[in-house]
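Novice: generate a structure from the sequence data that follows.
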Amino acid sequence: MDTGHPHVELVRRLTAAYSAQDRTTIEALIAPDCVWRVPGHNVLAGEYVGREAIFELFRTIRRLFDGPARFEIDDVAVSDTGAAVCQYGIGIVGGRSVRLKECLVYTIRDGRVVEMDEYQFSLAAFDEIFAAG
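Specialist: Below is the predicted model of the structure:
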């Protein structure tokens, strides 16, 4: 992992801000027109365009978790245009302990996230945990 690259610092700051529910820092790190994509067939799945839509997604996630969600970053790969973060999403949902392996792919421009695509290593488990309806 290249810890000296500015994109590594950006995604680490964003992950920490999300865990701390630090809206000010998140707003500083994602572009106003950022596009955030969540996979699957579940209540979280979809494309969220703009900060307000993304914050609404975050509020939904907080409501679904029994307490705070946390993230354990395993590795970060970077390029001039983005970063890919392999991590675990950890928490309790509906009384059930979850630890989901996922990869978040960020497109970064001018020091801000402009797009994020999420990939779940087990989409079936993700869909089951966050089942629609």
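Novice: rest of the way, CA atoms for contacts and neighbours
Specialist: Noted.
Novice: how about the spatially most central residue of the chain, secondary structure?
Specialist: For the chain, the residue sitting closest to the mean C-alpha position, by C-alpha atoms, centre = their mean, is Leu104 at 6.4 Å. Leu104 falls in the strand class when you classify it by DSSP: H, G, I helix; E, B strand; the rest coil.
Novice: which residues touch it?
Specialist: For Leu104, the contacting residues are Ala84, Val85, Cys86, Gln87, Met116, Asp117, Glu118, Tyr119, taking C-alpha atoms under 8 Å, 6 or more residues apart in numbering as the criterion.
Novice: who does the last one form a beta bridge with?
Specialist: According to DSSP bridges, Cys103 are recorded as the beta-bridge partners of Tyr119.
Novice: show me where this structure has its strands.
Specialist: Along the chain, the segments classed as strands by DSSP state E run 30-38, 46-49, 70-78, 82-93, 96-109, 112-120.
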